[in-house]
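J.: Provided below are the primary sequence and the corresponding predicted coordinates.
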Amino acid sequence: MFLTPGDPDDLRLGAAAILRQHYGAEATVAARAPGRVNLIGEHVDYHRGPCLPLALEHATHVALRPRDDDRVRLVSRHSDEPWEGTLDECASATGWAAYAAGVLWALRDSGRAVPGLDLAVDSTVPVGAGLSSSAALECAVGVAVASLVDPDLLTTGRRELAQLCIRAEREVAGAPTGGLDQTVAMLAEAGAALLVDFDDDSTHQVPLDLTAEGLALLVTDTRVSHALVDGGYGARREDSEEAARRLGLESLREARLGMLDDLGDERLRRRARHVVTEIERVAATVDALESGDWTAVGGLLDASHASLRDDYEVSCAELDLATTTAREAGALGARMVGGGFGGSAVALVPAERVEAVAAAVDTAFAAAGHRPPAHLRAVASSGAALLG
Ligand code: GLA
């Protein structure tokens, strides 16, 4: 099964229709923000490392109407649990609503006068697929509400707005994430991957015209759910931060392979080795993209997967099967993406092999007794935007 991005106009009308149906309200503001897939640079953002994500065409749309009082009502096509509370109660929202209410909280906490509002959500970013549906929701809400309270946040203040969405995820949703997802959802440009260097928070657009090269990025959602909030993500982060502490470093960005022998503990050594080698692979990938060496890019994706599987131990049987099968069926390289423990894999595939690779993965999953996966094509798209 292929998941299509949907017609943007349909999604926009869909969010407005949900708002009308649930709250009898006509939307006055609409915004969208994309999901993302990370080409390479996994589990390094919280070590001041670089990563190279791209925004998907698959996006989350929100429609809202401000209110005259301090009530907030949130409804989504993808949940049968609408949320209702006051602006003050946004800080303690739970479930899917925490990602939207959390942004209202962060904007208020930064001193902006957020009004009460009714808001509806429609999306084609698969949830729980490791493709940052949560950041897409945060950034769509962020852009929509920023247009009401401080329009500069949409232009010169876009990085600050991304930071506020990161605070929403960390402090209200309670997921100790690194910032990769919100940064790309906010700053991506169509036709490019975004090199984000968390050492100095700099960003560079890296042109990615796969079509011209006869290539495509096939994303496979294993439909095994990961949990950033209470899963192994926090444990891996603690391990690697502990490794940095033992080496006397602020983060593993400053570590070199030769130093890791000083880590007595074998597990911590492997965690640190992943971070150090992955940081090197991002730089090598940017070089390979610039010189059009796609075989090298494929090899780096494979090496990244092996490192995440063996050293960081965040892969799982389904992700290993999806990547191995993709390679056997003609992919130049493949790796798991996102936090891990399920979610999605990405494969760099000759364009004419996309269907065949997806079919091979389907067959392998069926033979292994796994749930049927879902696939999508990742096409480098633009970041969050207000819809006029
Ligand atoms: C999740 C987090 C990101 C990043 C990735 C792993 O997507 O939200 O901040 O740490 O995992 O690279």
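T.: Here it is on my side, so go on. Just so we're clear, the structure is a prediction, and the values are computed from it rather than from any experiment. Residues are numbered from 1 along each chain as shown.
J.: List phi and psi for the residue nearest the centre of the chain.
T.: Geometric centre of the chain, nearest residue: residue 132, 3.3 Å, by C-alpha atoms, centre = their mean. When read as degrees, to the nearest 10, the backbone of residue 132 gives phi 60, psi 50.
J.: Now do residue 219 against residue 355, distance only.
T.: 14 Å (C-beta to C-beta, to the nearest Å). From N, CA and C alone the C-beta is placed, and that goes for glycine too.
J.: The two: which has the busier surroundings?
T.: Remark: of residue 219 and residue 355, residue 219 carries more neighbours, 27 against 12, as counted by other C-beta atoms under 10 Å.
J.: ok, the residue nearest to the centre of the chain - contacts?
T.: Counting by C-beta atoms under 8 Å, 6 or more residues apart in numbering, residue 132 makes contact with 35, 36, 125, 181, 184, 185, 338.
J.: same thing but at 10 Å, please
T.: Contacts here follow C-beta atoms under 10 Å, 6 or more residues apart in numbering; on that basis residue 132 touches 33-38, 53, 55-56, 60, 125, 138-139, 169, 177, 180-182, 184-185, 337-339, 343.
J.: Give me every residue in the stretch 251-388 of the chain that's in contact range of the ligand.
T.: Where the stretch 251-388 of the chain comes near the ligand, counting by C-beta under 6 Å from any ligand atom, the residues are 338, 339.
J.: what about the strands in the stretch 251-388 of the chain?
T.: Assigned strands in the stretch 251-388 of the chain, in chain order: 333-336, 344-350, 374-378, 385-387 (criterion: DSSP state E, counting those that start in this stretch).
J.: Which one of those lies nearest to residue 100?
T.: Among those, strand 385-387 comes nearest to residue 100, with 16.3 Å by C-beta to C-beta.
J.: what's next to that closest one, contact-wise?
T.: By C-beta under 10 Å, 6+ apart, the residues outside strand 385-387 that reach it are 8-9, 11-12, 15-16, 27, 29-34, 59, 61-63, 139-140, 143-144, 146-147, 151, 154, 186.
J.: Sort out for me which of these are in strands.
T.: Those of the contacts of strand 385-387 mapping onto strands are 29, 30, 31, 32, 33, 34, 59, 61, 62, 63, per DSSP state E.
J.: What's the ChimeraX syntax to select whichever of these are buried?
T.: The ChimeraX command for the buried members of these (criterion: 16 or more other C-beta atoms under 10 Å) is given here:
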select :29,30,31,32,33,34,59,61,62,63
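J.: Please identify which pair of the ones in strands among the contacts of strand 385-387 lies farthest apart.
T.: Taking C-beta to C-beta, the two most distant members of the ones in strands among the contacts of strand 385-387 are 29 and 34; they sit 18.2 Å apart.
J.: Quick one: name the residues of the stretch 51-200 of the chain near the ligand.
T.: Proximity of the stretch 51-200 of the chain to the ligand, by C-beta under 6 Å from any ligand atom, involves residues 177, 178, 179, 180, 181.
J.: Can you name the helix or strand that the first one falls in?
T.: Going back to what we said before, that points to residue 177. Residue 177 is part of no helix or strand when elements are defined by DSSP states H and E.
J.: wait, doesn't it sit right on residue 45?
T.: Yes. Residue 177 lies in contact with residue 45 (C-beta atoms under 10 Å); the separation is 8.1 Å.
J.: how about residue 292, what does it touch?
T.: 212, 213.
J.: pLDDT value on it, please?
T.: The pLDDT attached to residue 292 in the predicted structure is 95.
J.: can you check the one 3 residues further on too?
T.: Here, the pLDDT recorded for residue 295 equals 98.
J.: what's the spacing between the nearest residue in space to it that is not next to it in sequence and residue 372?
T.: Using C-beta to C-beta, 6 or more residues apart in numbering and skipping the chain neighbours, the partner closest in space to residue 295 is residue 332 (6.3 Å). Using C-beta to C-beta, residue 332 is found at 25 Å from residue 372.
J.: With residue 45 instead?
T.: 31 Å.
J.: More neighbours: the two, which one.
T.: residue 45 (21 against 10).
J.: tell me the contacts of that one?
T.: With C-beta under 10 Å, 6+ apart, residue 45 has these contacts: 38, 51, 53, 177, 178, 179, 180, 181, 183, 196, 197, 198.
J.: Restricted to helices, list those residues.
T.: Judged by DSSP state H, the contacts of residue 45 include 180, 181, 183 as members of helices.
J.: hang on, isn't the last one packed against residue 383?
T.: Yes. In terms of C-beta under 10 Å, residue 183 counts as a neighbour of residue 383; the distance is 9.2 Å.
J.: Now for these two: what residues contact both?
T.: Common contacts of residue 183 and residue 383 (C-beta under 10 Å, 6+ apart): 36, 139, 158, 162, 194.
J.: Can you read off the pLDDT for the first one?
T.: Same thing as residue 36. 98.
J.: re earlier: so residue 183 and residue 383 - more neighbours on which side?
T.: Set residue 183 next to residue 383 and count neighbours by other C-beta under 10 Å: residue 183 wins out with 28 against 23.
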